[in-house]
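1. Structure of the sequence below:
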Amino acid sequence: MSISVKNIIKSYDSQKALNKVSFEIKTGEVVGFLGPNGAGKSTMMKILTGYLNPTDGEAEVCGIKTSNNDENYRRNIGYLPEHNPLYLDMYIKEYLMMIAGIYKLDNKNERVQEIIQLTGLENEQHKKIGSLSKGYRQRVGLAQALIHDPAVLILDEPTTGLDPNQIVEVRNLIKKIGKEKTILLSTHIMQEVEAICERVIIINKGELVTDQKTSEISKIASKNNTVVHIEFDQAINPALIKDLDGVDSVENKTPNTYQITTCAQKDIRSDLFHLAVNEGLVILTLTQEQQGLEEIFQELTKEDNNKTLHLNTF
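-> The predicted structure is shown next:
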């Protein structure tokens, strides 16, 4: 097991930043770690990297307790914090050689060249870090996190502030690295989680609210509804739609267009076709959508939601 977290509590005076959080991450998994601002994500990451000690509970990385904070423990972790700290007046290669020296690597030159190639910095390696775009600075941050070949990579908002092209570049790099490393990725970009992560852990107000495979995440919402948009060639009484089996609500968006919310288990499209035939209507457009990760995240972390959903433990 690469990461094991058992009943972690972190308190600041009377305020609990984390309250009995537990989860495990297997070797080779890429896991999204989600939550609104102030949920406790960064606190948990700092505990896993040894920057903070928990008030209670226990965390291990590669079988070593974080509270030990010894050299072997730190060698297992690569960490890219949200605000990537870099020496802007240093050249890329010079900076990475310094980091390699801190880790006392025997093959510094070979390892620096290897990591420069892995992170796509070949053409930039002789430039000062301060002259780089933010996308390339993030690559340098990833390079320093990987230089000592850690088993676990912890990334806190790695694409914050990047433009769309830079996001794709860094995202592809993380996917490439994830084939060989265990990765815990914190982000507010739901598409990033869906593109990269095999599993999602969501915390809210310091408590774990769900832990589920990304492919199964749509099944965890307490109101997992389906939304259907339909446009007829003329207006219809919304009550006729509302009377169909499985329909929860109907909203008249334009004179001829309706947004229909149904229970997820009921596909009402065939009923809508029969309704159109019976009423002498022509269906111009018909689309169906289910809740995505963004909607589920909003539901699980909204202010009045006190539910904690534990469907799977990995």
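
2. what ranges do the helices span in the stretch 151-300 of the chain?
-> All helices of the stretch 151-300 of the chain, identified by DSSP state H, counting those that start in this stretch, fall at 164-177, 190-196, 238-242, 269-279, 293-301.

3. who touches residue 150 in this structure?
-> Neighbouring residues of residue 150 by C-beta atoms under 8 Å, 6 or more residues apart in numbering: 75, 76, 77, 78, 181. The C-beta positions use only the backbone N, C-alpha and C, and glycine is treated the same way.

4. Now the last one: closest residue in space that isn't a chain neighbour?
-> Once its chain neighbours are removed from consideration, residue 181 has its nearest residue in residue 153; the separation is 4.8 Å (C-beta to C-beta, 6 or more residues apart in numbering).

5. ok so, going back, out of the contacts of residue 150, which sit inside helices?
-> When DSSP state H is applied, the contacts of residue 150 are split such that residue 75 fall in helices.

6. burial count for residue 164?
-> Residues contacting residue 164 under the criterion other C-beta atoms under 10 Å number 8.

7. no wait, residue 193
-> Burial of residue 193 is recorded as 26 neighbouring residues (other C-beta under 10 Å).

8. What of residue 2?
-> For residue 2, the tally of surrounding residues (other C-beta under 10 Å) stands at 23.

9. So it is in contact with residue 23, correct?
-> No - counting by C-beta atoms under 8 Å, residue 23 is not a contact partner of residue 2; they are 11.5 Å apart.

10. could you redo the helices of the stretch 151-300 of the chain as JSON lines and give each row distance to residue 122 and mean pLDDT?
-> What follows is these, written out as JSON lines (distance: least, C-beta to C-beta, whole Å; pLDDT from 0 to 100):
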{"stretch": "helix 164-177", "distance to residue 122": "14", "mean pLDDT": "85"}
{"stretch": "helix 190-196", "distance to residue 122": "24", "mean pLDDT": "83"}
{"stretch": "helix 238-242", "distance to residue 122": "60", "mean pLDDT": "93"}
{"stretch": "helix 269-279", "distance to residue 122": "53", "mean pLDDT": "94"}
{"stretch": "helix 293-301", "distance to residue 122": "35", "mean pLDDT": "72"}
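
11. How far off centre is stretch 24-41?
-> The chain centroid and the centroid of stretch 24-41 are separated by 7 Å, computed with C-alpha atoms, centre = their mean, to the nearest Å.

12. Start and end of it, how far apart?
-> Using C-alpha to C-alpha, to the nearest Å, the end-to-end distance of stretch 24-41 comes to 15 Å.

13. Now do the buried residues in it.
-> 25, 29, 30, 31, 32, 33, 34, 35, 36, 39, 40, 41 (16 or more other C-beta atoms under 10 Å).

14. now swap in stretch 195-209 and tell me
-> Across stretch 195-209, burial judged by 16+ other C-beta under 10 Å covers 196-209.

15. Next up, the contacts around residue 132.
-> Neighbouring residues of residue 132 by C-beta under 8 Å, 6+ apart: 92, 124, 140.
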